[in-house]
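> Build me a model from this:
(chains A and B)
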There are 2 protein chains.
Amino acid sequence: MKRYEQVAQAISERIEQSYYQAGERLPSIRDVSKTFEVSISTAQEAYRLLEDQGLAEPRPKSGYYVLNRQKAPQQLPDVSRPVQRPLEVSQWEEVLNLLCANTSQDIVQLGRAIPDLEAPTLKPLSRIMSDLNRYAQSSILSYEHLRGSDKLRLQIARLMVDSGCRLHPDDIITTTGCQEALSVSLRAISQPGDIIAVDSPSFYGSMQAIKAHGLKALEIPTHPETGISLEALQLALEQWPIKAIQITPTCNNPLGYTMPVEHKQRLLEITAPYDLPIIEDDIYGDLAYHAPRPPSIKSFDNEGRVLLCSSFSKTLAPGLRVGWVAPGRYVNQVIHMKYVVTASTATLPQVAIAEFIAQGGYERHIRKMRTQYQQSRDAMIGWIEKYFPQGTRISYPQGGFLLWVELPVEIDTVMLNERTMALGVCIAPGVLFSASGKYRHCMRLNFTDRPSERNERAVQIVGEEIRKMTQELTKVTV
Amino acid sequence: MKRYEQVAQAISERIEQSYYQAGERLPSIRDVSKTFEVSISTAQEAYRLLEDQGLAEPRPKSGYYVLNRQKAPQQLPDVSRPVQRPLEVSQWEEVLNLLCANTSQDIVQLGRAIPDLEAPTLKPLSRIMSDLNRYAQSSILSYEHLRGSDKLRLQIARLMVDSGCRLHPDDIITTTGCQEALSVSLRAISQPGDIIAVDSPSFYGSMQAIKAHGLKALEIPTHPETGISLEALQLALEQWPIKAIQITPTCNNPLGYTMPVEHKQRLLEITAPYDLPIIEDDIYGDLAYHAPRPPSIKSFDNEGRVLLCSSFSKTLAPGLRVGWVAPGRYVNQVIHMKYVVTASTATLPQVAIAEFIAQGGYERHIRKMRTQYQQSRDAMIGWIEKYFPQGTRISYPQGGFLLWVELPVEIDTVMLNERTMALGVCIAPGVLFSASGKYRHCMRLNFTDRPSERNERAVQIVGEEIRKMTQELTKVTV
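Next up, the predicted model:
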């Protein structure tokens, strides 16, 4: 163990023992340097590690503070119990409603998964794009290579080392957001009519891709802390001719869990006899609250079976439309699909992001966002526990900015959303996340914004409407 | 006829009668104003019309000149005779070779269809993008609406009036380049195994989309001046269960023809009994050498059967990846496909292009490019006639920057390309443009650059290699 790690461990033990309380100021870097007889830079290094571990946060001109860690919610959602047979995906109307919902500033957007775009740590990226337009006109107006910008693919390969992957830039193809990565991956490994096993609840974008490509979804029971049930998956594999698996195992959308490492490894083992492709959506992976971030399934894959899909839409900004896929052995099929779908990915944002990463801007931004989202999660859980009725269950995200709420079964969240929209709050109804329209009493909420009175008020409004709906239902029954 | 039109006609008659010779300076605006007793602005208007008609060109600080018009090539290519049955598309390897060809500055790129990106009239667009990054960070980093930027769709609806279309902005969906427009259109109206009738030779991007979606292509004989043979199409419709038609009727890629108006109307008539969707690729339409540009098939469609696909990739720049589709009655299917494929189109280039059009930059740029490409076409035809062997046939483009060359049948252009690449010149072999690998003795050349010694030398190199190949083949035969 290095010196700074020893120092960090000593401080973290005192936090665990409540020697330093949540929200309290930690000793200054100078004090730490004196107490532990280490250099200033070692003390700084120690605090940076504590920050990465989600234990401390820096406040400008004031030093480090113990992060205000919420205890896990008292009641987690149940293990999901989806329909146990392959289904055609429905729910497009509901997804369309969410996608086309009023996006005016007057509505508090707790529905869509859009990261914080006002973060000061994004400014350098905009500056780079501005400069590229001024000084590199003709090169950024031209087509990029079919596989994507060389510079960007190099930087992505470097980033992916954090998730345990050792890839060559040529193992990576850039895409128009993660949606294209998921869509071309699905098409590359399946034919219409094939069955795709998915976690459940599952991201509606990949579910709709399954629908559009004429595939069927087999929803597998999923645990709110450990992800897809490996036992249920194994049974399903024996029972159905499953063609591929599509999951979001790290900082899951919508539940927020991260599948334990041994589950990720075991998933590869139990699918090996079937030589099954696994589409791994890793889009929130870099936003795990603890650094180093959890390893991807891809990092354990020696057979080239995992198609890892990701993007900068959640870590940086969705409007850039830059994602990537590392398709393993399916690279040729994916390149063909990528070509016919969009020919190539836009040039400017690729070159700009590569430069932003190279300058260290990406790492600075992610470090900042991790802390911010973790704090917002805790605030959000606090508000839900305060304003929502008894019996509400909340997931406990380990990264990203999304959580899942399970309400009493009689509450229909599609109706709830109609009511809260009229009051200026948008949520994502649970039915969007199921092939068969399950999770009607659930919803996904995002917590990208810094905690604010406005957002607390929005959660309060949702809570009040739930109570009203319950009362109305009781009256009807009486 | 308006006064300025009368003046323009009078001048054009004198040009036709060779009263003013090609390359000669035309009377100054002041002279025209005096001679015809019209205002200065009417005289200017008259010259602008002549410019649009491809008869005159402005030279900075010097006035207007008679455009150096090349006569049509002596020998046009034959009407194509493709295989008369539905085929699975092959040729992906050959397309990939072109897409991944060396793009270094040392190679003269006569192969890929990339417009002139050094044009000074593009500078304002880069400036707009630069400013947007500086002053509108968070709005351009966010997702655009699923259908695309409102501002841009309004401007596209306005541009499309020139092609005879009266559309509401909500009839338009922006896409990641024309390739996405073509791809989602195809998928929206077909199922794997369906037969799609195409013009032949045909753009390889849409052919590969047919391949990737598990469809079959039925290549219809095509005339080098009037496009797809309506008689052959009618026979094919009687013989095969054709699901849709996919063509590029205006400034065709690769031949450059524009289908006559009455053919466009007739195409709608003969397909009406079958209620057939028509995917109209209009990507080069605005680059027709004569203004106003030719009407699209879409402009005559009262049944919502035409899915018009286009983009700014050829008129402005391909690296922006902004295209659009006006899908008529298939709008719901297209929106679903668009969502699953890329979720939304990048925000910045959409907003920037909308602003560029609104400021008049698009019109200025197109006006400039039309003249430039027409001049380059004439130079290119001149060089080919000078350096290529007897028996070479050349198409006579009416817009855009691509032409088609038919060589003596014994010349294999895939081999030719390998030889010219070694000498620093890239061409597009003809096999790319056929489902079945026909057109092996043909090639497509682009002429985006202003005529230069370097480009003339490149054409000369291609011509010399053709001669050498002919000699080598003769020797073998002897």
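> Return the helix or strand in chain A with minimum mean pLDDT.
Using mean pLDDT, DSSP states H and E, the weakest-scoring helix or strand in chain A turns out to be helix A:137-141, at a mean of 83.
> Now the closest residue to A:P327 other than its chain neighbours: which helix or strand?
Once flanking residues are discounted, A:P327 sits nearest to A:V334: 4.1 Å by CB to CB, 6 or more residues apart in numbering or on different chains. Heads up, the C-betas are built off the backbone N, CA and C, glycines and all. Secondary structure from DSSP states H and E places A:V334 in helix A:331-342.
> So which bits of that helix are buried?
Residues of helix A:331-342 classed as buried: A:V331, A:Q333, A:V334, A:I335, A:H336, A:M337, A:K338, A:Y339, A:V340, A:V341, A:T342 (neighbour count, 16 or more other CB atoms under 10 Å in any protein chain shown).
> ok, which stretches of the stretch 201-350 of chain A are helices?
A:204-212, A:230-239, A:261-271, A:331-342, A:347-358 (DSSP state H, counting those that start in this stretch).
> sorry, back to before: now do the helix holding A:V334: which elements does it pack against?
Applying 3 or more CB pairs under 8 Å, 6 or more residues apart in numbering or on different chains; DSSP states H and E, one finds that helix A:331-342 contacts strand A:173-175, helix A:177-189, helix B:92-99, helix B:177-189, helix B:204-212, helix B:331-342.
> least reliable of those going by mean pLDDT?
Sorting the helices and strands packed on helix A:331-342 by mean pLDDT places helix B:92-99 lowest, at a mean of 87.
> can you list contacts of the helix or strand where A:V414 lies?
Using DSSP H and E, A:V414 maps to helix A:413-422. The contact list for helix A:413-422 (CB atoms under 8 Å, 6 or more residues apart in numbering or on different chains) reads A:94, A:101-102, A:107, A:111, A:407, A:426-431, A:440-443, A:461-462, A:465-466, A:469.
> Sort out for me which of these are in strands.
The members of the contacts of helix A:413-422 that map onto strands under DSSP state E are A:C426, A:A428, A:P429, A:C442, A:M443.
> Output the helix holding A:V334 as PDB, nothing but the C-alphas.
Extracted C-alpha coordinates of helix A:331-342, given in PDB (Å, rounded to 0.1, in the frame of the first residue of the first chain):
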ATOM      1  CA  VAL A 331     -16.700  -6.300 -35.600                       C
ATOM      2  CA  ASN A 332     -17.300  -7.000 -39.400                       C
ATOM      3  CA  GLN A 333     -21.100  -7.200 -39.100                       C
ATOM      4  CA  VAL A 334     -21.200  -4.100 -36.800                       C
ATOM      5  CA  ILE A 335     -19.100  -2.100 -39.300                       C
ATOM      6  CA  HIS A 336     -21.500  -3.000 -42.100                       C
ATOM      7  CA  MET A 337     -24.500  -2.100 -40.100                       C
ATOM      8  CA  LYS A 338     -22.900   1.200 -38.900                       C
ATOM      9  CA  TYR A 339     -22.200   2.100 -42.500                       C
ATOM     10  CA  VAL A 340     -25.700   1.500 -43.800                       C
ATOM     11  CA  VAL A 341     -27.300   3.300 -40.800                       C
ATOM     12  CA  THR A 342     -25.400   6.600 -40.700                       C
END
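> A:M369 reaches A:D116, doesn't it?
Yes - the pair formed by A:M369 and A:D116 meets the contact definition of CB atoms under 8 Å, at 6.9 Å.
> which one of the two has more residues nearby?
A:M369 (23 against 19; other CB atoms under 10 Å in any protein chain shown).
> helix/strand/coil for the more buried one?
Under DSSP: H, G, I helix; E, B strand; the rest coil, A:M369 falls in the helix class.
> okay, it: pLDDT?
95.
> Relative to A:L287, how far out is it?
6 Å (CB to CB, to the nearest Å).
> separation between A:T345 and chain B?
7 Å (CB to the nearest CB, to the nearest Å).
> ok, what's across the strand from the closest residue in space to that residue that isn't next to it in sequence?
Closest residue to A:T345 apart from its sequence neighbours, by CB to CB, 6+ apart: A:T174 at 4.6 Å. Following DSSP bridges, A:T174 is listed with bridge partners A:W324.
> List the contacts of A:T174.
A:E144, A:R147, A:G148, A:S149, A:L152, A:R153, A:I156, A:V322, A:G323, A:W324, A:T345, A:Q350.
> Check the secondary structure at the second one for me.
Classification of A:R147 by three-state DSSP places it in coil.
> which residues sit in contact with it?
A:R153, A:D170, A:I172, A:I173, A:T174, A:I335.
> Kindly report the residues of the stretch 251-400 of chain A close to chain B.
A:316-321, A:335-337, A:339-349 (CB under 8 Å from any CB of the partner chain).
> Try it again at 7 Å.
A:317-321, A:336-337, A:339-343, A:346-349 (CB under 7 Å from any CB of the partner chain).
> Just the closest of these to A:Q53, please.
A:A317 (26.6 Å; CB to CB).
> residues contacting that closest one?
A:P115, A:L117, A:L122, B:L141 (CB atoms under 7 Å, 6 or more residues apart in numbering or on different chains).
> Repeat the analysis, applying 10 Å as the threshold.
A:114-117, A:119, A:122, A:125-126, A:349, A:353, B:137-138, B:140-143, B:347 (CB atoms under 10 Å, 6 or more residues apart in numbering or on different chains).
> Same check on A:A288?
A:52, A:54, A:162-163, A:250-251, A:258, A:294, A:366, A:370, A:374, A:397-400.
> Show me how to select, in PyMOL, the buried members of the residues you listed.
Paste this into PyMOL to select the buried members of the contacts of A:A288, with burial taken from 16+ other CB under 10 Å:
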select buried, chain A and resi 52+54+162+163+250+251+258+294+366+370+374+397+398+399+400
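> Name the nearest of the contacts of A:A288 relative to B:Q17.
Using CB to CB, the contacts of A:A288 come closest to B:Q17 at A:I366, 72.0 Å.
> Look at the closest one and report its pLDDT.
96.
> Which residue is the nearest non-sequential neighbour of it?
A:D286 (5.6 Å).
> quick revisit: looking at the helices of the stretch 201-350 of chain A, spot the one closest to A:V66.
If we rank the helices of the stretch 201-350 of chain A by CB to CB, the stretch that ends up nearest is helix A:261-271, at 27.4 Å.
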